[in-house]
Structures are given as C-alpha cells and as structure tokens.
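**Q** Turn this into a structure:
(one chain, ligands or ions: 1)
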Amino acid sequence: MKKTSQVLKKIILFSISAVLIISCSQENLEPNQTNQVIELNLNGKVIQQILNLGYKKENITEYSDYYVVDGDIRFDKKGDYSPNTASPTGRTSQAHNDIFIVYNKQQVITVRVDSSIPTTGVDNWRDQVINACIDWNRANSRVRLSYTTLSSANITVKSDNGSLSNTTIAQGSFPSGGNAGSTIFINLDFFNNMTVSNGTKEYNMVHEIGHNLGLRHTNWSSVDFDQFGNVITAWGIPGTPTAGANPDPASVMNGGTALFTWNDFSDNDINAIRLMYPEDNNSNRAYDPVYYLFGYSDLSTAFNNDPAGAEDHWLTEGIYEGRVASPIFDMDYYRTSYSDLSNMTRIQAVTHWVTQGSNEGRNSSPVFNVTYYIQNNSDLLQAFGATGYQKAISHYISTGIDEGRMACPTFNPKIYLQKNADVAAAYGSTNYRNALYHWLAFGRAEGRVAL
Ligand SMILES: [Zn+2]
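**A** So this is what the prediction gives:
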C-alpha cells in the first residue's frame, strides 16, 4: 500500500540521515489526541496552495486540522496561503514564497511565549525568543519584532504538547492572510529530552521566526517541484548563490540544522529578508532614531554608537514606558485624544496608528496634525488632496520638517528660533528640525515662546 511504502521510505531515509541530521524532519510523527495523521487528500484549498508553492507531496504530512511541510512548517487548514500582491514589488530571495506579510501589518509584529512554556529551568526559552526578535530587527528589513506578554500578540510561542516528532525541535508557520505566521511550537522533549544549549535555542527561534515571516528552507528549495513537475527555483537575487545542493551553508534557514548554534545570519539571509521586506525609512514613522536619542539623555548615553540597540530598546521597553520616539507620534497623546482609543495599551496604540489611524488622518502628536498640515500648505493640498494623509506624512518627514513648515497651530519653528537665541545658537538659525526636536522634548515643558 502506498502508505506503507511511504513509512518504509521514511525509515530508510531516517537511518541514513539520523547521525548527521537531526531536525526539521518529519520522521516518527506521533499523533496527539486531537490531531491525527491522516491520508493525504489533494482536494482542498490549502493543500492546493501548498502544492502551488512548489512543495513536493512526499514532504507534506496531513493532520486533521493542518498540514506539516518540510518537517517544521505548519499550514493551518483554515489559513489562506494564496500569493498576495500587497507586499512590495521587486521581492525575491534565496528561498521565499509569494506569501508575505502585507505592508501595513509589518510595522510592529508582537511575539509572546504562552504559559505552556515553563518560566524557569532549562525549558524556559523566553530569553532566546527575545534574542531572536532582536536578531531579526538587526537585519534592518522593514520587519520589526517586539516581545510582549499580551495575549493579543501576532505570534505565540508554545509547547508542542507532544505533537512534534522526537527529532523535530520546533515548528513555525507561514504567513496567512497577510499576517505573520501565528504560532511557533517548541518540542520540550526534543531528542529524548536532551538539554538544549541557549545558543541552539536562539538559532532555532531565529529559524522558526524566519518561517513565520515567509522564508523557506534555503537548502531544500533547489529540489522543490511544482505540481506539474517543474523545478521551482527560489533563488535569484543578485549576489546570492544560484545553484548547487546547498549553496549557502551558513544560512540560518537551512533545514536539518536543529542542533546548530546561533552564529548570526549569512549575508544571503540578510539580503533575502531585506529584499522581501525592504526597509523604508518612512515606514517606521513611529520611530525616529535621531529624535529618540535627542529626547532622552539616558538613552543618548547608553546608545550613542548603537542605533540597533536604541531601536531594540524602544521596541522592548520604550513603548511600554510611554517614551516618545518620533516627533509625529506620541502614543499617550494619541490614545488620550480619541475616546475610541482611550482603553488601548501603548503597544496597541502604536499598532493602531501605523495600521489604521495614520490612514484616517488622526492627530498623532502635539506637533504634528496631518489635517492641519495639508490644509495650511496649499501646495500639499493641491498635490495630495485633502485626504492624502500618507503622502503628507512622508512629505513632512522627508521635506517639511527641514523647510520649517508648520504642522500644528501651536508651534512655528521659524519663530521658535527667532525668539529663543540659545536654541538658534546651539543648532543654527535655520535648523528647523532641531528646533522641532528641542521644543517637543524640552521647550514646551519650559514654557518657551513658539509662536
Ligand atoms: Zn525549518
């Protein structure tokens, strides 16, 4: 029978590879109580979407509620893995799908570890989950990850509860419906309950988060075929390998690497994530790295030569402390200005503004009112229209601040420099950006004249 031959094949494959490769493999799958392995049925939306992504049938295992592909990538049967076009153009990478997190859901992706993972002892992976978030942030793509304890997190890390095979250390999930993959499972009894080092934990969390961001296995994509038998070539970005069975051995996204220790991304990994999610300085508008250090002396001391560390601080601590990290967005000002936002937490306010409020033209800072900005600058009103909020925001950040334009009725940067000689002396009589920063961070509280 077909099923028997597949099992035999897996046993043979396992005996060959077990010594060298312990990992992302699907041998010895033990069904748990709620999700049984069942015969692969090729009828259905999600299985067809998986095949269209180029995965081979023999690398797909079907369970009652989901599929597992390549050993450690879970596809929920209720998910939507259709290619999306809302992501940036020009995308390609060494091994990706056409499933992306859409632009307006990428600003801050929150990650939590639920209570199924112990908070103490060797099974506590929280520090390594946090480190993995920071590692991805340091790759400087548009993706920004933030560790949280809120149950509303975009990605939840949890125990596999016995569902993963003995040789699978963890399992991620691909983006679905434009959102990051929602779960990562950790096998706390991996490989006969061996003790897993912190470096190996971090490696695997970086790897699985990579799946949740839409990355495939670097070393397996060369042997993927689509449902018609055509070879899928997932590589193609300039400067990354284009041939060979394992063209980038240093890639954290290689399958079969469960026992590896974190030693940074390969250059191609960095290229891949940046090409999937190109950094756009205007996109991360809630965070202005210069303003963040300008406004807080403790941070400028700690992070003067460490911009990545400063941003990590904002994502992991600053948001929760209510620190203002951009002249155009103040989370406390924002959430207290609108009755429908008044019950939001700070992280919820950040997410609301970047994904929704900025499109609605909401007033987001004491010095930046996008409606005022458009209505009081006739060239912008003509160019962008009365509701061209996103274009107006981009204009203010890239041009308007430095031109000294007014973006709220209570602060005129030109008057501020004229009437505050010490500020003009410190920064220059036409340094409107620093005038803005100074008034927001200090001048307002000091009662300085700004009109
Ligand atoms: Zn994997």
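
**Q** CA atoms for contacts and neighbours, from now on please.
**A** Fine.

**Q** all strands for the protein, in order.
**A** 37-38, 60-63, 66-69, 73-76, 109-113, 145-147, 155-159, 170-173, 183-186 (DSSP state E).

**Q** Buried deepest among those, which one?
**A** Comparing the strands of the chain by mean neighbour count (mean count of other CA atoms under 10 Å), strand 170-173 ranks first with a mean of 28.

**Q** tell me what that one is packed against?
**A** strand 73-76, strand 183-186, helix 198-213 (3 or more CA pairs under 8 Å, 6 or more residues apart in numbering; DSSP states H and E).

**Q** Any chance of CSV for the strands of the chain, columns mean pLDDT?
**A** Shown next, in CSV, are these (pLDDT from 0 to 100):
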stretch, mean pLDDT
strand 37-38, 88
strand 60-63, 91
strand 66-69, 90
strand 73-76, 89
strand 109-113, 92
strand 145-147, 85
strand 155-159, 97
strand 170-173, 95
strand 183-186, 97
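
**Q** Let's have the ones you listed in a markdown table, adding distance to Y296.
**A** A markdown table is the format used below for the strands of the chain (distance: least, CA to CA, whole Å):
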| stretch | distance to Y296 |
| --- | --- |
| strand 37-38 | 55 |
| strand 60-63 | 51 |
| strand 66-69 | 47 |
| strand 73-76 | 42 |
| strand 109-113 | 24 |
| strand 145-147 | 21 |
| strand 155-159 | 31 |
| strand 170-173 | 38 |
| strand 183-186 | 36 |
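
**Q** correct me, but C408 touches F368?
**A** Yes. Taking CA atoms under 8 Å as the definition, C408 is a contact partner of F368 at 5.5 Å.

**Q** Please say which of those two ends up with more neighbours.
**A** F368 (23 against 18; other CA atoms under 10 Å).

**Q** all helices in the stretch 301-450 of the chain, in order from the N-terminus.
**A** 307-313, 319-321, 331-337, 346-352, 370-375, 378-384, 389-395, 401-403, 413-419, 421-427, 432-438, 444-446 (DSSP state H, counting those that start in this stretch).

**Q** nearest to D379, of the strands of the chain?
**A** strand 109-113 (35.7 Å; CA to CA).

**Q** Show me what that closest one is in contact with.
**A** 126, 129, 133, 143-151, 153-158, 180 (CA atoms under 8 Å, 6 or more residues apart in numbering).

**Q** Can you dump the C-alpha atoms of that strand in CSV for me?
**A** Output of strand 109-113 as CSV, limited to C-alpha atoms (Å, rounded to 0.1, in the frame of the first residue of the first chain):
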residue,chain,number,x,y,z
ILE,A,109,4.9,42.3,14.9
THR,A,110,4.5,41.2,18.5
VAL,A,111,5.7,37.9,19.8
ARG,A,112,4.8,36.2,23.1
VAL,A,113,5.5,33.0,24.9
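
**Q** Can you check what angle separates that strand from helix 198-213?
**A** 130 degrees (axes from the mean of the first three to the mean of the last three CA atoms, to 10 degrees).

**Q** Give me the sheet partners of strand 109-113 and which way each runs.
**A** Each strand that pairs with strand 109-113, with its direction, by DSSP bridges: strand 145-147 (parallel), strand 155-159 (parallel).

**Q** possible to save the ones you listed as a markdown table with distance to N363?
**A** Below are these laid out as a markdown table (distance: least, CA to CA, whole Å):
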| stretch | distance to N363 |
| --- | --- |
| strand 145-147 | 25 |
| strand 155-159 | 29 |
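
**Q** out of these, which comes closest to A349?
**A** Taking the strands paired with strand 109-113 one by one with CA to CA, strand 145-147 is closest: 14.1 Å.

**Q** so of the helices of the stretch 301-450 of the chain, which one's packed in deepest?
**A** helix 432-438 (a mean of 23).

**Q** Contacts for that helix next, please.
**A** Residues contacting helix 432-438 (CA under 8 Å, 6+ apart): 291, 294-295, 327, 367, 401-404, 413-414, 416-417, 423-424, 427.

**Q** Off-centre distance for that helix?
**A** 31 Å (CA atoms, centre = their mean, to the nearest Å).

**Q** Please report the distance of E62 from S358.
**A** 42 Å (CA to CA, to the nearest Å).

**Q** Over to I328?
**A** 10 Å.

**Q** Show me the shaky parts of the stretch 301-450 of the chain.
**A** Scanning the stretch 301-450 of the chain for pLDDT under 70 picks out the ranges 308, 355.

**Q** Just give me the neighbour total for P249.
**A** 12.

**Q** give me every residue that touches it.
**A** P249 touches N219, counting by CA under 8 Å, 6+ apart.

**Q** pLDDT score assigned to it?
**A** Confidence at P249, expressed as pLDDT, is 86.

**Q** coming back round to it: got the helices of the stretch 301-450 of the chain as CSV, with distance to E202 columns?
**A** Output for those, formatted as CSV (distance: least, CA to CA, whole Å):
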stretch, distance to E202
helix 307-313, 17
helix 319-321, 24
helix 331-337, 31
helix 346-352, 25
helix 370-375, 42
helix 378-384, 46
helix 389-395, 36
helix 401-403, 41
helix 413-419, 47
helix 421-427, 44
helix 432-438, 38
helix 444-446, 43
